[in-house]
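1. Okay, structure incoming, though there's no sequence with it:
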């Protein structure tokens, strides 16, 4: 047997032994955003269920800052043994599509494990606006090109690109007003300083029920189970979809057997009623997927975001 074959056999034997004992100690799940946010809720929900399934602790580790880049770099550079994973958020994929100098690459540096959940935005407008449907909003925007404003959580943010996707699909031009976060954008929406914000369901719907904003639609392809009475944008613009989502990734060279063990446990956990209910309370729908399916989703998303960045000529500040 040649030296190369001996080394390959040794690597396969080591990987098989690792997978057979996995997990033999606690698993760390990195989250790039603060406690209480969407990615943190998804991570803690999945971590709790994995702890039950594996009979081993899965500890959530929030490493906040730089739009998730701190946690993303830690995950990319961690030992590929299955004991460090990360809850990947769409915001980190958007940041990677927008900024080439980041210390991680979502395609090159991670092994996809499983899609976890998806959550649509709501298309919220100021109540002072006469539009009560998506079609009426589009007609109004076409009649006032560049005179209606939309708020976002910052240049290159996920709801910034979501709105630019809507602009392109509807053939309209809205003026962008970036904010430091959702509260400021939604406060100005309620006050009429901006006319449109694509907001999370959990932040948009309570304001709509209080009469402070008007929700016209959700951005998932079909209506959301969290708000089945609200139409989808796709009912006016067929095929339109732009959503927030979360999924688990591991360092790139994590053995396939370990990735598959994690995947099987996550998919099993996402089928549990308590997990689905907890995610639904945050406006999210449990998904679950194979590693290959989730990898294809990541690749498709980053290509889509790069296209809208290029076509809308979006530049970093």
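-> Noted; the coordinates are in hand. Source: prediction; values computed, not measured.

2. just checking, residue 87 is part of a strand?
-> Yes - checked against DSSP: H, G, I helix; E, B strand; the rest coil, residue 87 lies within a strand.

3. That one: neighbouring residues, count only.
-> When neighbours are counted by other Cβ atoms under 10 Å, residue 87 registers 30. Where C-beta positions appear, they are placed from N, C-alpha and C, glycine not excepted.

4. wait, isn't it in contact with residue 248?
-> Yes - with contact defined as Cβ atoms under 8 Å, residue 87 counts as touching residue 248 (6.1 Å).

5. which residues of the protein score low on pLDDT?
-> Applying pLDDT under 70 to the chain flags the ranges 1-19, 316-317.

6. where exactly do the helices run in it?
-> 3-21, 38-54, 69-77, 90-98, 134-143, 158-170, 182-191, 201-209, 256-270, 273-281, 291-311 (DSSP state H).

7. shared neighbours of residue 87 and residue 248, which are they?
-> Residues touching both residue 87 and residue 248 (Cβ atoms under 8 Å, 6 or more residues apart in numbering) are 29, 46, 116.

8. Now flag whichever of these is closest to residue 177.
-> Closest approach to residue 177 among the shared contacts of residue 87 and residue 248 (Cβ to Cβ): residue 116, at 31.7 Å.

9. Next up, the contacts around that closest one.
-> Residues in contact with residue 116 (Cβ under 8 Å, 6+ apart) are 42, 46, 87, 245-248, 266, 270, 286-288.

10. Kindly provide the distance from it to residue 148.
-> According to Cβ to Cβ, to the nearest Å, residue 116 and residue 148 sit 35 Å apart.

11. Show me this structure divided up by domain.
-> Domain assignment for the chain by automatic domain parsing gives 3-119+243-311, 123-235.

12. For residue 107, give its distance to residue 296.
-> Note on residue 107: its distance to residue 296, by Cβ to Cβ, is 11 Å.

13. follow-up on the earlier one: adding distance to residue 239 and mean neighbour count, write the helices of the chain out as JSON lines.
-> Compiled in JSON lines, the helices of the chain are given as follows (distance: least, Cβ to Cβ, whole Å; neighbours: other Cβ atoms under 10 Å):
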{"stretch": "helix 3-21", "distance to residue 239": "41", "mean neighbour count": "11"}
{"stretch": "helix 38-54", "distance to residue 239": "25", "mean neighbour count": "22"}
{"stretch": "helix 69-77", "distance to residue 239": "30", "mean neighbour count": "21"}
{"stretch": "helix 90-98", "distance to residue 239": "19", "mean neighbour count": "24"}
{"stretch": "helix 134-143", "distance to residue 239": "14", "mean neighbour count": "17"}
{"stretch": "helix 158-170", "distance to residue 239": "8", "mean neighbour count": "22"}
{"stretch": "helix 182-191", "distance to residue 239": "27", "mean neighbour count": "19"}
{"stretch": "helix 201-209", "distance to residue 239": "21", "mean neighbour count": "19"}
{"stretch": "helix 256-270", "distance to residue 239": "26", "mean neighbour count": "19"}
{"stretch": "helix 273-281", "distance to residue 239": "25", "mean neighbour count": "16"}
{"stretch": "helix 291-311", "distance to residue 239": "13", "mean neighbour count": "16"}
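
14. so how far is the first residue of stretch 276-289 from its last?
-> One end of stretch 276-289 to the other measures 15 Å (Cα to Cα, to the nearest Å).

15. contacts for that stretch?
-> Contacts of stretch 276-289 (Cβ under 8 Å, 6+ apart): 38, 41-42, 45, 114-120, 200-202, 205, 224-226, 245-247, 266-267, 270-271, 275, 297.

16. Find the nearest non-adjacent residue to residue 51, please.
-> The spatially closest residue to residue 51, leaving aside those adjacent along the chain, is residue 58, at 4.8 Å (Cβ to Cβ, 6 or more residues apart in numbering).

17. The one you found bridge partners, please.
-> Judged by DSSP bridges, the bridge partners of residue 58 are residue 27.

18. How about residue 151?
-> Assigned bridge partners for residue 151, using DSSP bridges, are residue 177, residue 197.

19. hang on, it packs against residue 179?
-> Yes - taking Cβ under 8 Å as the definition, residue 151 is a contact partner of residue 179 at 5.6 Å.

20. more crowded one of those two?
-> residue 151 (27 against 19).

21. Pretty sure residue 54 sits against residue 264.
-> No - with contact defined as Cβ under 8 Å, residue 54 and residue 264 do not form a contacting pair (10.7 Å).
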